[in-house]
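>>> I'll drop the sequence and a predicted model, then ask my questions.
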Amino acid sequence: MTQPDPFAPPSGAAPHETTPATPPATAPAAPPQPRFGAYAPPGYTPPSAGAPAVPAGWASPEPAPAAPTGLATAAVALAVAWCAIQVVLLAASFQAVAPYEAALAAGGSLLEVSTPYDELGNLLLPLQVAAFVVACLWLQQCRRAAVVLSPTVRQVRGPVWVWLGWAVPVVSLWFPFQVVRDVRAAVVGGRTPGRLGWWWACWLVGLWASNQAAFSSLGLASRDPETIPVFEGLATVAVVAGGLLWVGLVREITGGLRARLAPVA
């Protein structure tokens, strides 16, 4: 019996020719779907393969902002230092009463008197400036992220008021509160908590009491020096209570940003 030649061409084919294999039919690859939820802005281009994961709940093709954890840590540390110096300042204010009264009795000026209370006041001022700068930098970055993450949540005040709101007379009584309130609403959501109002009330009371104590210690008010510890006591209660509430707000907002900006698993 003759064995078939394994190298012979198929029946009907010319020698040394092979029938090309027909590639299997495949469906066209579907284009990548946007990973931005239901919202896709006009002109949006789907991310290419291998692109970094998009944060959960992302609603914009803009680069994902980073949670300002470093600034948050610095803001908390400066707030704690402010509270600590304020407590020591209260204790030193009692010892400053006698030298102030002696200077007034001798017909001198309180500006010529130097006490530990005055030295602590000079130390507190640059600390307050540093706390202001760091807190505004932190709040500025939080506001940027809040606008991108929750574009439907209205920010009543523009970004410039993150800085100017604390310094411009009259509007400084409520603009900073509105900025913090709206940023928290966009990041954390839910109703405005009562502690937010208490924080702002403590800030206003502490600021007023500290200014009154400073005016008296500089001889700019016609008050007895014995009133200085009274104002410092009120300022200390307000600063410490407001500082604790502020630390809680910083941690809450920063934690909310970290949770929402976490990469998709």
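Perfect, thanks for sending it. Numbers count the residues shown, from 1 in each chain.
>>> Excluding chain neighbours, what is closest to Ala209?
Ala235 (3.7 Å; CB to CB, 6 or more residues apart in numbering). C-beta: built from backbone N, CA, C; applies to glycine.
>>> how close does that neighbour sit to Trp203?
Applying CB to CB, to the nearest Å, the value for Ala235 to Trp203 is 11 Å.
>>> for Val180, same thing?
Val180 is 10 Å from Trp203, by CB to CB.
>>> neighbour-wise, which of those two wins?
Val180 (23 against 20; other CB atoms under 10 Å).
>>> Does that one touch Leu196 like I think?
Yes - Val180 lies in contact with Leu196 (CB atoms under 8 Å); the separation is 7.1 Å.
>>> anything in contact with each of the two?
Taking CB atoms under 8 Å, 6 or more residues apart in numbering as the contact rule, Val180 and Leu196 both touch Leu249.
>>> neighbours around Cys136, how many?
Cys136 has 19 nearby residues by other CB under 10 Å.
>>> can you check Ala262 too?
The burial count for Ala262: 13, using other CB under 10 Å.
>>> what pLDDT does it get?
We have a pLDDT of 76 for Ala262.
>>> got any ranges where this protein has weak pLDDT?
Filtered on pLDDT under 70, the chain yields the residue ranges 1-64, 263-265.
>>> Which stretches in it count as strands?
With DSSP state E as the definition, the chain shows no strands.
>>> for it, longest helix please?
helix 69-105 (DSSP state H).
>>> Show me what it is packed against.
In this structure, helix 69-105 packs against helix 116-149, helix 194-217, helix 228-260, with contacts taken as 3 or more CB pairs under 8 Å, 6 or more residues apart in numbering; DSSP states H and E.
>>> now for the first one, which elements pack on it?
What that stands for is helix 116-149. helix 69-105, helix 161-164, helix 175-187, helix 194-217, helix 228-260.
>>> now these in TSV, with distance to Ala146?
Putting those into TSV (distance: least, CB to CB, whole Å) gives the following:
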stretch	distance to Ala146
helix 69-105	14
helix 161-164	11
helix 175-187	4
helix 194-217	15
helix 228-260	8
